[in-house]
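**Student:** how would this look folded up:
(4 chains)
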2 protein chains.
Amino acid sequence: MNEQDFLAGYDPSAYPATAITVDVVALTIREGALHLLLIRRGQPPYQGHWALPGGFVQPDEDLATGARRELAEETGLGGDRLRRVHLEQLASYGAPDRDPRMRIVSVAHLAFAPDLPDPVADSDADEAGWLPVTALPSRQLAFDHARIVDDGLERARSKLEYTPLATRFLGPEFTIAELRGVYETVWGHPLHAGNFHRKVLSVPGFVESTGGSTERGGARGGPRARLYRSGDARLLHPALLRPAREETVR
Amino acid sequence: MNEQDFLAGYDPSAYPATAITVDVVALTIREGALHLLLIRRGQPPYQGHWALPGGFVQPDEDLATGARRELAEETGLGGDRLRRVHLEQLASYGAPDRDPRMRIVSVAHLAFAPDLPDPVADSDADEAGWLPVTALPSRQLAFDHARIVDDGLERARSKLEYTPLATRFLGPEFTIAELRGVYETVWGHPLHAGNFHRKVLSVPGFVESTGGSTERGGARGGPRARLYRSGDARLLHPALLRPAREETVR
DNA sequence: TTGAGAATTACTCGATCTGAGAACAACTTA
DNA sequence: TAAGTTGTTCTCAGATCGAGTAATTCTCAA
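**Tutor:** As a prediction, the model looks like this:
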């Protein structure tokens, strides 16, 4: 039997029904706090619970494409704003009983976004919004989404150590203090301003100067700060050190 | 409509047929070279090509369970030997056209194993064996498995930096020189013996002394070496530094 | 039996990096 | 104008790293 004959006689429905979804752990920083995009489900299962934005993968789309589409649908974002969002695959979750409907494997993704507008209500009239990750209603998250969020947060904390992705939470131009704010928010630790400044400028390719400065000083005083944009490094070497790293590994 | 009614009326076959497979990038070290477990496919598609061990996930099993089962089936391993193998999820691959049969999403896993016996031929009479990763027949790997192997190798190199998983390539007791050999093999760089020794013993929880020594010196001379076993740390802090790290990020 | 070579382990030294603190100037609000 | 805040630079002690040296112990081969 050659390969073409084999494919012609192949019957996909002979295999048990499974489905693939993509879910997105979308993070942003609002008013100095880490926020997560959540949807309140309007339909069973888990009706009324908060859940990660996501849905079934279309037959013709890649996993990353599906995740970006779901993110766009929920945030109403498009074009350049959407393109600035960092999106990466997080992990897949496939416990047999994680969804009561059928066997569903979810390929979770992680997104870093600059401060985005509030999402608009979905066609299903689902409520949607950015919720602070502290004081999340863990018990109220649908499916195994609490676990996925935990994994996403740990991945985010870790990625800030050795990649320049912290800049993805900010606009195209930013100050070193704003960048430090991202690290402090995601890591949950205050950082030494002087040492952070020295470190960021000494790592090759992390940031590059725009030559400009802010129009005003800080809200409570201080001089105008110089402006920087993202450099061309994809990895930080040497990496930043996260203080008091916990003993956890996924 | 309550949740039970909803589930009763739910029709899984309404969704397009997709399938989930698990594939395993299983690595081991033989004669100082990194080896990868590969299967030569006995059936279309890609008949005659080398491929990663893997297969469809059973309806009642978890993704990690499926990966371990596939690994056991191909290596003929069981019990304690299998339990010593480190297995972690790598990433999922779901390009729409990656498999000519149907939409198949593969959840790839990564395994670190001590030197294992040669695999026995499968029931499908597929050939199987450990192949050195240098001089892999990249063009001859089935599906997108060359890409998966690349991702797995980079993950392995990276994991050796900040976790004690290098010990998983060795038996329960090992010398510092054997451990250094794992790093040199996976990273592809010779390491400074004295500095490596100092570093391994200074990182808390990496290794602990057994009190014993090897029976003989090295094959070409040298004193007997002290024996160590794996410590209880899950993360190495501070991490080991990989020399000449490339500018790549997944 | 002996000598050459190799490997384990320990030690040294200079360069670099880190954490902590201080200093100064520029800016805010009151 | 005074008081307080912040961006930026500098200093300094301690830790870490890369590279080299050395003592010792063993294997192999002459």
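
**Student:** domain parsing of chain A, as residue ranges.
**Tutor:** What automatic domain parsing lists as the domains of chain A is A:12-150, A:163-230.

**Student:** does any bit of the first one sit next to chain B?
**Tutor:** In other words, domain A:12-150. Yes - judged by CB under 8 Å from any CB of the partner chain, domain A:12-150 and chain B are in contact via A:12-13, A:15-20, A:43-45, A:47, A:56-57, A:59-63, A:88-89, A:91-96, A:100-103, A:105, A:107. C-beta coordinates here come from the backbone N, C-alpha and C atoms, glycine included.

**Student:** middle-most residue in chain A, spatially?
**Tutor:** Residue closest to the average C-alpha location in chain A (CA atoms, centre = their mean): residue A:111, at 2.2 Å.

**Student:** wait, is that one part of a helix?
**Tutor:** No - counting by DSSP: H, G, I helix; E, B strand; the rest coil, residue A:111 is not found in a helix; it is strand.

**Student:** show me where chain A has its strands.
**Tutor:** Counting by DSSP state E, chain A has strands at residues A:18-30, A:33-40, A:50-51, A:54-56, A:86-93, A:103-112, A:127-132, A:207-213, A:226-230.

**Student:** could you dump those to JSON lines with mean pLDDT and distance to DNA strand C?
**Tutor:** Below are the strands of chain A laid out as JSON lines (pLDDT from 0 to 100; distance: least, CB to the nearest atom of the strand, whole Å):
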{"stretch": "strand A:18-30", "mean pLDDT": "96", "distance to DNA strand C": "21"}
{"stretch": "strand A:33-40", "mean pLDDT": "95", "distance to DNA strand C": "22"}
{"stretch": "strand A:50-51", "mean pLDDT": "96", "distance to DNA strand C": "36"}
{"stretch": "strand A:54-56", "mean pLDDT": "95", "distance to DNA strand C": "37"}
{"stretch": "strand A:86-93", "mean pLDDT": "98", "distance to DNA strand C": "24"}
{"stretch": "strand A:103-112", "mean pLDDT": "98", "distance to DNA strand C": "23"}
{"stretch": "strand A:127-132", "mean pLDDT": "92", "distance to DNA strand C": "26"}
{"stretch": "strand A:207-213", "mean pLDDT": "98", "distance to DNA strand C": "7"}
{"stretch": "strand A:226-230", "mean pLDDT": "98", "distance to DNA strand C": "11"}
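
**Student:** could you list the low-pLDDT ranges of chain A?
**Tutor:** Counting by pLDDT under 70, chain A has low-confidence residues at A:1-16, A:121-125, A:138, A:244-250.

**Student:** hmm, try it at 90
**Tutor:** For chain A, residues meeting the criterion pLDDT under 90 lie at A:1-18, A:42-43, A:74-80, A:115-127, A:135-140, A:243-250.

**Student:** residue numbers of it in contact with DNA strand C?
**Tutor:** Taking CB under 7 Å from any atom of the strand, the part of chain A that reaches DNA strand C is made up of A:192, A:194-195, A:198-199, A:202, A:216-224, A:238, A:241, A:243.

**Student:** repeat that for 10 Å
**Tutor:** Neighbours of DNA strand C within chain A, by CB under 10 Å from any atom of the strand: A:189-199, A:202-204, A:213-225, A:236-244.

**Student:** can you list the strands of chain A in CSV and add distance to residue A:147?
**Tutor:** Formatted as CSV, the strands of chain A follow (distance: least, CB to CB, whole Å):
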stretch, distance to residue A:147
strand A:18-30, 11
strand A:33-40, 14
strand A:50-51, 13
strand A:54-56, 14
strand A:86-93, 7
strand A:103-112, 10
strand A:127-132, 17
strand A:207-213, 34
strand A:226-230, 31
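
**Student:** so residue A:94 touches residue B:60, yeah?
**Tutor:** No - counting by CB atoms under 8 Å, residue A:94 does not reach residue B:60; the two are 11.6 Å apart.

**Student:** look at these two and report which has more neighbours.
**Tutor:** Set residue A:94 next to residue B:60 and count neighbours by other CB atoms under 10 Å in any protein chain shown: residue A:94 wins out with 28 against 10.

**Student:** can you give me the helices in chain A?
**Tutor:** Assigned by DSSP state H, the helices in chain A fall at A:3-8, A:63-75, A:79-83, A:145-162, A:176-187, A:193-202.

**Student:** any chance of TSV for those, columns distance to residue A:132?
**Tutor:** Formatted as TSV, those follow (distance: least, CB to CB, whole Å):
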stretch	distance to residue A:132
helix A:3-8	51
helix A:63-75	17
helix A:79-83	22
helix A:145-162	12
helix A:176-187	10
helix A:193-202	24
